[in-house]
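# Build the 3D model from these lines:
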Amino acid sequence: GNKLYFSDEEDNDVLVAEVVDNTTSRGRTIRFFFDGEEEEYQKVLKQLGNTPLPKYINREPEPLDTERYQTVFASRSGAVAAPTAGLHFSRTLMKRLEIKGLELPQVTLHVGLGTFRDIEVEDLSKHKMEAEYFHINAETAKIVNAAKKGKKRVCSVGTTSMRTIESAVSATGYLKEAEGW
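Here you go, the predicted model:
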């Protein structure tokens, strides 16, 4: 029920959020209140917020970080951080893979702040992570399953993407359309 007020003194933009839940890992789930269009809301978020950086980058965020810490294949807003392995891909590399005949179906995973959290427990089952949203569409599942049936290689880039795929594999070992937390 606590309200948080985010403001930029220069432009007088104010964004209000309400704490709706305490997470299991000392975080909070908040709901933003904004009376306006999505485009305007995104503009205010970008103006008031900043790009979260991993702890090992010991400096304040810079404007260039918005691009530097984003994968070239990202297409939806929602993640707090980029899947690290995906940062190694450039548009040129993606095009070269496509020219070589690789199919590049995509999944959506909105990575949470927990990706930056150190593991501080001996028993990994006690390590707390926030839920992360994922989505695998029917077209992606179709492409992956056709490759498997054709005895072709299927590769996931990084453990973050692999978690998404593991969340949507059926008992028969095939990928299914799915979304959730």
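# neighbours of G112, just the number please.
G112 has 19 neighbours, counted by other CB atoms under 10 Å. Heads up, the C-betas are built off the backbone N, CA and C, glycines and all.
# Leaving out sequence neighbours, find the closest residue to it.
Closest residue to G112 apart from its sequence neighbours, by CB to CB, 6 or more residues apart in numbering: E130 at 4.1 Å.
# Residues in a beta bridge with V19, which ones?
Beta-bridge pairing for V19 (DSSP bridges): I30.
# Now do the SS call for the residue sitting nearest the centre point of the chain.
Most central in the chain under CA atoms, centre = their mean is H110, positioned 2.6 Å from the mean C-alpha point. Judged by DSSP: H, G, I helix; E, B strand; the rest coil, the three-state class of H110 is strand.
# correct me, but it touches E130?
No - using CB atoms under 8 Å, H110 makes no contact with E130, being 10.3 Å away.
# Please enumerate residues in contact with the lowest-mean-pLDDT helix or strand in the chain?
Across the helices and strands of the chain, the lowest-confidence element by mean pLDDT, DSSP states H and E is helix 65-68, at a mean of 81. Residues from elsewhere that reach helix 65-68, judged by CB atoms under 8 Å, 6 or more residues apart in numbering: 46, 50-51, 53.
# before we move on, the earlier item: tell me the contacts of the residue nearest to the centre of the chain?
Counted by CB under 8 Å, 6+ apart, H110 has contacts 76, 78-80, 132-134.
# F89 too?
71-73, 157.
# from those residues, which single one is nearest L4?
Among the contacts of F89, T71 lies closest to L4 (CB to CB), at 29.1 Å.
# Return the distance of the residue lying closest to the closest one once chain neighbours are set aside relative to I57.
Sequence neighbours aside, G86 is the residue nearest to T71 in space, at 3.8 Å (criterion: CB to CB, 6+ apart). The gap separating G86 from I57 is 17 Å, by CB to CB, to the nearest Å.
# The two: which is more packed in?
Applying other CB under 10 Å to G86 and I57 shows that G86 carries more neighbours, namely 18 against 11.
# The more buried one contacts T159, doesn't it?
No - look at G86 against T159 with CB under 8 Å: they stay out of range, at 11.2 Å.
# Next, count neighbours for G114.
Using other CB under 10 Å, the number of residues around G114 comes to 18.
# Test my guess that it contacts M129.
Yes - assessed by CB under 8 Å, G114 is found in contact with M129 at 4.2 Å.
# In the protein, what residue spans correspond to helices?
Ranges of helices within the chain are 38-48, 65-68, 91-99, 138-149, 159-166, based on DSSP state H.
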